[in-house]
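Colleague: Take a look and give me a structure for this.
(2 chains)
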2 protein chains.
Amino acid sequence: MDPTSAAFMLAENRSQPMHVGGLQLFRKPEGAARDHVAQMYRQMLDVDAIAPLFAKRPYRSVATGGQWTWTDDAQFDLEYHVRHSALPRPGRVRELLELCSRLHGTRLARERPLWEAHVIEGLRDGRIAVYTKIHHALVDGVSSMRLLRSVLSTDPDRRDMPPPWAVSPAARRAEKDRSDADHGLADLPISAFRTALGVTADAAGLPAALVKTLSRGVRNETSAVSLYAPRTIFNTKITGSRRFAAQQWPMERMRAVGKASGATINDVVLAMCSGAVRTYLDEQNALPDSPLVAMVPVGLKAKDAQSASASGGNAVGAVMVKMGTHLDDPADRLAAIHASMLAGKEALGSMTPMQILAMSAIGMAPAILTPMLRLNGIARPPFNLIISNVPGPRSTHWFNGAQLEGMYPLSIPIHGMALNITCTSYDGQMGFGLTGCRRTVPHLQRLLAHLDAELASLEKAAGVS
Amino acid sequence: MDPTSAAFMLAENRSQPMHVGGLQLFRKPEGAARDHVAQMYRQMLDVDAIAPLFAKRPYRSVATGGQWTWTDDAQFDLEYHVRHSALPRPGRVRELLELCSRLHGTRLARERPLWEAHVIEGLRDGRIAVYTKIHHALVDGVSSMRLLRSVLSTDPDRRDMPPPWAVSPAARRAEKDRSDADHGLADLPISAFRTALGVTADAAGLPAALVKTLSRGVRNETSAVSLYAPRTIFNTKITGSRRFAAQQWPMERMRAVGKASGATINDVVLAMCSGAVRTYLDEQNALPDSPLVAMVPVGLKAKDAQSASASGGNAVGAVMVKMGTHLDDPADRLAAIHASMLAGKEALGSMTPMQILAMSAIGMAPAILTPMLRLNGIARPPFNLIISNVPGPRSTHWFNGAQLEGMYPLSIPIHGMALNITCTSYDGQMGFGLTGCRRTVPHLQRLLAHLDAELASLEKAAGVS
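Modeller: So this is what the prediction gives:
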């Protein structure tokens, strides 16, 4: 097991389960049988061989010197990992989110391969939900979403499509004839999934110089990342209880606001989060006077970062964005975010590769770095929230004739960072996934209504509603 | 933690989860609201205080010298333990049993109090199912069933009844005025639940002399327990996959067969199991020539056992019953079982208290004793099956107006004992709960049809059909 994976095994405890999740919503194919979901479930179990990523369990013993290694699960039981569930009535999205919250709040059994997939029926609108969870020792959040996507097709008529955990020899042969590079992801060695974004976030093995740079950075001693983040209720110890909320909005609406305001879609996403969090904190009399700071991972061209990934992909940096939560006006908040994001990217441009790598590592492996940097011990949090925006496919995708209507990421809250917002775009929609500690972030689901209201306010302010 | 509880913690592994379960089926009250189950679920969460049994988690550290102790769960989260689930369509009993199989096949999280309760809706007949699992370190199977029963009432009009995990001061005050001694069970200290049948099954602390007696007994060197049990597919290593099947039959039918044949109801229960297991093994070309031997726990008057329980209840002995599976005729099998049971009870009468305790301990703590006795190493199993029959309440019971229609125990398969049959009587019905390793005992659910066919055959043979 590589040091980062091992670090995630070690960092995990009851309050900080270290798995990422994905929720996908599918529309049944036309003329689907009454037992379509049961059929779909059985088909997902009907695989010839399991991809390595899904067949290995973590293992350590005296023989491994107490170190975590991977071993094939000799008692592998696919029915344990892939489960067929149903929602209580009335089967609204609310019941679905409650089930996902519960599933996301239980730890994966370490004696088995570290993943589960739940095929969920019972939504009253007839849609099918699939909740998947995979341990961070296996994949990071972005790779996890890519993995789920990798088995989908742009062809609504395609059938006999294997699930992500299948190794299908036929599919692999066909693979060579196609250009869809995402296919066959699960056949890659496990280490490949930990470097998908191009940063070898080898936190446990970070050289001392890097830790020092990073440590000074988050303590606001260096100019490039110098920021003042207030204390908020999000920056406290968390428990293992989870609440998940998710909703999607048309990207066209965000594009229109951005265009009218000279901002990017990502700025508008951040402005929605800013306004929603502001309202949320205000309701609880917990809004600080100074603006919240969000850590926002941004893509960098490999040449800027001077640190390409193993697979030649893009590198990632992190920008600390002042969220403007102290401002009354939605348009002012959007302008402040836009300015802060520009300044942050410029600062990033003036940083050394080592500094960028250090900044990025915060986002890639916060739970590992927190104890290393003794973040719990410093007076103020380096930032208040993590808000990620992961681009997804632009066109409509299908799985065995079922149309994917939305996908939402579930992430990992950690001590000092009780709320995580991850967005992913798909087919013209922006899906927001909010994952929080249920006790530290009460009534988390209210943020959805606030996000909706904030988008409407931004449209009004930009004169595009 | 007492040594027996600690032994169950240590004996537990992925293949042998050490929890017992109970499945209860309720009929909704007349005029129940459409969201009755949701209301019932919320009511189960609405408790003032948690009974000690349900609030403590196991804990060990350097400070405890590596020994398991109990500690209050500072992050107790009732919503983690009590869950609202639903069945996939079509919502037959089959889907319910599949869900229970899955729930029973996952281990309890040791970082939390060792129990879960699942309120399950979606049965197409409108009934409500409650599946409960509790670790054997907290309760044995019989205590578990008593605990579930203890909160029920014989009054269909009673409301505001607390769930088993609640400490209700009002209920406790009321307790003193009532004679229902089962009430307030959960308020007892944890150790009370491990001695409910009267045997202090302190296996981990069994004196050497006892182990020696027992060891000779199961090696067939002593006359009282001398038996020849053939090898069967049930007596092999198991995996962690579980299959549960359950059904109930009217006790009146068994009583009629017993009366016409000069046998007890328990003999008829064993004869049903014998015929069903015979047919099942025969289908798989795995029926041994010599009869299977079942270990059957039987109640003993305390004076016979010379070993009363802490609470003054009955003691338990174990009889090794030859099941007559080599006989073609159902009536012959019943007669053989009746004779073997009589002989076994007589043998039990001639045993010393130490021998009885040793015999009983096999049934109480097989998983603990197996390694101690090196049962895996001896040529033949001491018996092939464990069949328990636990008497339950005779009258109809209700929970907040919902009538209990059936209750079924889920037990613990262990290495060498892949199938467990536990029966419990309630309101004129005998509920059979069959728990097995899904891989070692394939198509376990077929045993239900075989049990049904066998009861009909017995009725025909006895001339009472």
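
Colleague: in the longest helix belonging to chain A, what's buried?
Modeller: Longest helix in chain A, counting residues (DSSP state H): helix A:330-350. Within helix A:330-350, the residues that qualify as buried are A:330-331, A:333-338, A:340-341, A:344-345, A:347-348, counting by 16 or more other Cβ atoms under 10 Å in any protein chain shown. Quick note: C-beta positions are derived from backbone N, CA and C, even for glycine.

Colleague: Strand partners (parallel or antiparallel) of the host helix or strand of A:Ala245?
Modeller: If you go by DSSP states H and E, A:Ala245 is part of strand A:242-250. Here strand A:242-250 is paired, per DSSP bridges, with strand A:429-437 (antiparallel).

Colleague: that older thread, a markdown table for the buried residues of helix A:330-350, including distance to chain B and pLDDT?
Modeller: Shown next, in a markdown table, are those (distance: Cβ to the nearest Cβ, whole Å; pLDDT from 0 to 100):
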| residue | distance to chain B | pLDDT |
| --- | --- | --- |
| A:Pro330 | 35 | 97 |
| A:Ala331 | 40 | 97 |
| A:Arg333 | 35 | 98 |
| A:Leu334 | 37 | 98 |
| A:Ala335 | 42 | 97 |
| A:Ala336 | 38 | 95 |
| A:Ile337 | 36 | 96 |
| A:His338 | 40 | 96 |
| A:Ser340 | 36 | 91 |
| A:Met341 | 37 | 90 |
| A:Gly344 | 36 | 81 |
| A:Lys345 | 40 | 81 |
| A:Ala347 | 39 | 74 |
| A:Leu348 | 38 | 73 |
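
Colleague: just the residues you listed now: which is nearest A:Ser290?
Modeller: Nearest to A:Ser290 among those is A:Ala336, at 12.1 Å by Cβ to Cβ.

Colleague: Looks like that closest one contacts A:Asp329 (just checking).
Modeller: No. With contact defined as Cβ atoms under 8 Å, A:Ala336 does not count as touching A:Asp329 (9.9 Å).

Colleague: wait, what's in contact with the residue nearest to A:Cys437 when sequence neighbours are not counted?
Modeller: Sequence neighbours aside, A:Ile238 is the residue nearest to A:Cys437 in space, at 3.7 Å (criterion: Cβ to Cβ, 6 or more residues apart in numbering or on different chains). A:Ile238 makes contact with A:Ser15, A:Gln16, A:Pro413, A:Ile414, A:His415, A:Ala418, A:Cys437, A:Arg439, A:Thr440, according to Cβ atoms under 8 Å, 6 or more residues apart in numbering or on different chains.

Colleague: now with 6 Å?
Modeller: Contact analysis of A:Ile238 by Cβ atoms under 6 Å, 6 or more residues apart in numbering or on different chains lists A:Ser15, A:Pro413, A:His415, A:Ala418, A:Cys437, A:Thr440.

Colleague: Which residues of chain A lie near chain B?
Modeller: Contact residues, chain A versus chain B (Cβ under 6 Å from any Cβ of the partner chain): A:Arg14, A:Gln75, A:Asp77, A:His84, A:Ala86, A:Leu87, A:Pro88, A:Glu111, A:Glu121, A:Gly122, A:Thr239, A:Ser241.

Colleague: switch to 7 Å and redo it
Modeller: By Cβ under 7 Å from any Cβ of the partner chain, the part of chain A that sits against chain B consists of A:14, A:37-38, A:75, A:77, A:80, A:83-84, A:86-89, A:102, A:105, A:107, A:109, A:111, A:121-122, A:239-241.

Colleague: follow-up on the earlier one: is the residue nearest to A:Cys437 in a helix, a strand, or coil?
Modeller: Following DSSP: H, G, I helix; E, B strand; the rest coil, we place A:Ile238 in the coil state.

Colleague: what's the spacing between it and A:Val441?
Modeller: Counting by Cβ to Cβ, to the nearest Å, the gap from A:Ile238 to A:Val441 is 9 Å.

Colleague: Next, show the common contact partners of those two.
Modeller: A:Ala418 (Cβ atoms under 7 Å, 6 or more residues apart in numbering or on different chains).

Colleague: Extract the C-alpha set from stretch A:132-140 and format it as CSV.
Modeller: Taking Å, rounded to 0.1, in the frame of the first residue of the first chain, the C-alpha atoms of stretch A:132-140 are listed here in CSV:
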residue,chain,number,x,y,z
THR,A,132,-21.6,4.2,-4.1
LYS,A,133,-19.0,4.5,-1.4
ILE,A,134,-15.3,3.8,-1.8
HIS,A,135,-12.5,4.3,0.8
HIS,A,136,-10.1,7.2,0.3
ALA,A,137,-7.3,4.7,0.6
LEU,A,138,-8.4,3.4,-2.8
VAL,A,139,-9.5,6.5,-4.7
ASP,A,140,-9.8,10.2,-4.1
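
Colleague: what distance separates that stretch from the centre of its chain?
Modeller: 10 Å (Cα atoms, centre = their mean, to the nearest Å).

Colleague: contact partners of the one helix or strand A:Phe26 maps to?
Modeller: Assigned by DSSP H and E, A:Phe26 falls within strand A:19-27. Applying Cβ under 7 Å, 6+ apart, the contact partners of strand A:19-27 are A:100, A:104, A:108, A:127-136, A:141, A:144-145, A:148, A:246, A:399, A:402-412.

Colleague: Stretch A:93-109 too?
Modeller: Taking Cβ under 7 Å, 6+ apart as the rule, stretch A:93-109 contacts A:17, A:19, A:21, A:23, A:85, A:87-88, A:114, A:116, A:118, A:120, A:123, A:129, A:131, A:133, A:135, A:240-246, A:410, A:435, A:445, B:80, B:83, B:107, B:109.

Colleague: Just the element for A:Arg394, please.
Modeller: Applying DSSP H and E, one finds A:Arg394 in no helix or strand.

Colleague: For it, report the pLDDT, please.
Modeller: Listed pLDDT for A:Arg394 reads 92.

Colleague: For it, which non-adjacent residue is spatially closest?
Modeller: Spatial nearest neighbour of A:Arg394, excluding adjacent residues (Cβ to Cβ, 6+ apart): A:Asp427 at 6.8 Å.

Colleague: Next, that neighbour: phi, psi?
Modeller: Per-residue torsions, A:Asp427: phi 50, psi 40 (degrees, to the nearest 10).
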